[in-house]
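Undergrad: structure for the following, please:
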Amino acid sequence: MGEDDVRKALLQNLVQLGSENYKENARILGILDDKAQKTGALAGAFLAAGFAFVKPENFQTASVFASLPNLTLLAVSIGLLLACTILALAAMWIRSVPKPFSYGLLEKMTLDLLKNCPNGISSSVHESFLHDQGGVWRRLLQEQELINSKKANLLRVAQVTLAAAIVIGAILLLEIVSKTIVHRLGC
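TA: Numbers count the residues shown, from 1 in each chain. The predicted model follows:
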């Protein structure tokens, strides 16, 4: 295999890898959307449970919720769940994603090359053609990775927010349960 053949083989590998990376990034995008959807649904379920406690009888003077610390915990937990839901929706928000290197674009590049080289395609022109394809893939992959990164960051913040809301809600529930036990035991 000559030096020209090796260079072209390397560039063809680069073009092939671009295609494979594009498919992998698209798969990751789908996974991130799925996780954002599940995170939002889970936050919504906890939010509904939190609002179930918001009844007039739960805020009477004798109620466990009547204390300012418990009301604050409930309000913070509900606020975090609402923030999580918004963040999950933002992560799932439809964005313009780069389209794959299409047949139409490759056809145009190929026809332009053939038109500009009526006497045949030299090895250096073929190499340039492959290099141009690699450049197209590089730009597409950079755009894809930026979108995936933004989506992953939003999802990460949503998940941390959800975890904080669940912990705060659990602390509130433990407070309620402990006061109920103490009240029932007559201590």
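Undergrad: quick one: low-confidence parts of this structure?
TA: Scanning the chain for pLDDT under 70 picks out 1, 53-54, 56-66, 187.
Undergrad: any idea how far stretch 143-160 is from the chain center?
TA: Distance of stretch 143-160 from its chain centroid, counting by C-alpha atoms, centre = their mean, to the nearest Å, is 4 Å.
Undergrad: how about stretch 20-34?
TA: The answer for stretch 20-34 is 10 Å, by C-alpha atoms, centre = their mean.
Undergrad: when you give positions from now on, start the count at 435
TA: That works, and once the first residue is 435, the last one we named lands at stretch 454-468.
Undergrad: now do that stretch: everything it contacts.
TA: 525-526, 531, 534-535, 571, 574-575, 578-579, 581-582, 585-586, 589 (C-beta atoms under 8 Å, 6 or more residues apart in numbering). C-beta here means a position set from N, CA and C on the backbone, and glycine is covered the same way.
Undergrad: restricted to buried residues, select those residues in ChimeraX.
TA: Selecting the buried subset of the contacts of stretch 454-468 in ChimeraX, with 16 or more other C-beta atoms under 10 Å as the burial test, is done by:
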select :525,526,534,535,571,574,575,578,581,582,585,586,589
